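**Student:** got a sequence here, can you model it:
(one chain, ligands or ions: 2)
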Amino acid sequence: MKHLLAPSILTADFGKLGQEIQMLNQSDADWIHVDVMDGVFVPNISFGFHIIKTIKKLSTKPLDVHLMIVQPERYFQEFKNAGADLISFHYEASIHVHRSIQAIKELGIKAGVAINPHTAVNLLKEVLNDLDLVLVMTVNPGYGGQKFIENSYKKIVELKEMIQQCKSNTLIEVDGGVDLNNARKLVQSGVDVLVAGNSVFAAQNPLEAIMNLKELDS
Ligand code: DX5
Ligand code: ZN
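**Tutor:** Ligands and ions are numbered 1, 2, ... in the order given. This next block holds a predicted model:
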């Protein structure tokens, strides 16, 4: 499978959100990555249901919602109602990870678990078959524009092996500090979905940046 690209709307210019989403609609991007931060699980606060509903209304691409919030299970239904096509919650933020995964799937949408840089991939072994996606954080969550953590490659290779061993279709997504310097190596290591914030929205030509991150092989 060719890898997917999910630009992170967190880094977009919210003063012209409509235009930014139009640009994504016209681009080669596959999903829109939507970062929700509560100021508790991570130091930063981003946005909530109202903004996500607006993004959904304007967008032609699926919404990949990344919850960086404590007790995420309280809000799955509301994020689905706001327009989420896939919800990832953090392993570190949920006591009953298996139950949370099932709760998302019962809503009829895809379920993902995100892991922080310090969290070992083998902790997901027992739920891997239930998951549509594992989101490997390649920075500490909270902000866009941070430096990619090199130790991540090792985690991705290990996770890919686990997925192949249990013959599951679980996708690997990486999030944080992804750019043209590391994207090819990430895909070669087994990544299926690249999230990109700064490397798209801070680029002089975001459409071209998206195209380059999609066409790594050529
Ligand atoms: C960080 C967020 C990321 C962020 C990525 O906590 O989860 O999705 O927007 O931004 P870049 O690509 O700039 O690191
Ligand atoms: Zn994210």
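
**Student:** could you count how many residues lie near whichever residue of the chain sits closest to ligand 2?
**Tutor:** Taking CB to the ion as the measure, the chain has residue 66 as its residue closest to ligand 2, at 3.7 Å. For the C-beta atoms, the positions are set from N, CA and C on the backbone; glycine is no exception. Using other CB atoms under 10 Å, residue 66 has 28 neighbouring residues.

**Student:** CA atoms only: put the helix or strand where it lies into CSV for me.
**Tutor:** In the assignment (DSSP states H and E), residue 66 maps to strand 63-68. Below are the C-alpha coordinates for strand 63-68, written out as CSV (Å, rounded to 0.1, in the frame of the first residue of the first chain):
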residue,chain,number,x,y,z
LEU,A,63,-11.1,13.5,9.7
ASP,A,64,-8.4,11.7,11.7
VAL,A,65,-9.0,13.0,15.3
HIS,A,66,-6.1,12.7,17.7
LEU,A,67,-7.3,13.1,21.3
MET,A,68,-4.7,14.4,23.7
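
**Student:** ends of stretch 22-38, how far apart?
**Tutor:** 27 Å (CA to CA, to the nearest Å).

**Student:** and it, what's buried?
**Tutor:** Neighbour counts over stretch 22-38 (16 or more other CB atoms under 10 Å) mark 23-24, 27, 29-38 as buried.

**Student:** number of nearby residues for residue 106?
**Tutor:** By other CB under 10 Å, the residues close to residue 106 number 12.

**Student:** rewinding a little: I'd like the buried residues of stretch 22-38 as JSON lines, with pLDDT, distance to residue 2 and secondary structure appended.
**Tutor:** What follows is the buried residues of stretch 22-38, written out as JSON lines (pLDDT from 0 to 100; distance: CB to CB, whole Å; DSSP: H, G, I helix; E, B strand; the rest coil):
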{"residue": "23", "pLDDT": "98", "distance to residue 2": "21", "secondary structure": "helix"}
{"residue": "24", "pLDDT": "98", "distance to residue 2": "18", "secondary structure": "helix"}
{"residue": "27", "pLDDT": "98", "distance to residue 2": "15", "secondary structure": "coil"}
{"residue": "29", "pLDDT": "98", "distance to residue 2": "13", "secondary structure": "coil"}
{"residue": "30", "pLDDT": "98", "distance to residue 2": "10", "secondary structure": "coil"}
{"residue": "31", "pLDDT": "98", "distance to residue 2": "14", "secondary structure": "coil"}
{"residue": "32", "pLDDT": "98", "distance to residue 2": "18", "secondary structure": "strand"}
{"residue": "33", "pLDDT": "98", "distance to residue 2": "18", "secondary structure": "strand"}
{"residue": "34", "pLDDT": "98", "distance to residue 2": "23", "secondary structure": "strand"}
{"residue": "35", "pLDDT": "98", "distance to residue 2": "24", "secondary structure": "strand"}
{"residue": "36", "pLDDT": "98", "distance to residue 2": "28", "secondary structure": "strand"}
{"residue": "37", "pLDDT": "98", "distance to residue 2": "30", "secondary structure": "strand"}
{"residue": "38", "pLDDT": "98", "distance to residue 2": "34", "secondary structure": "strand"}
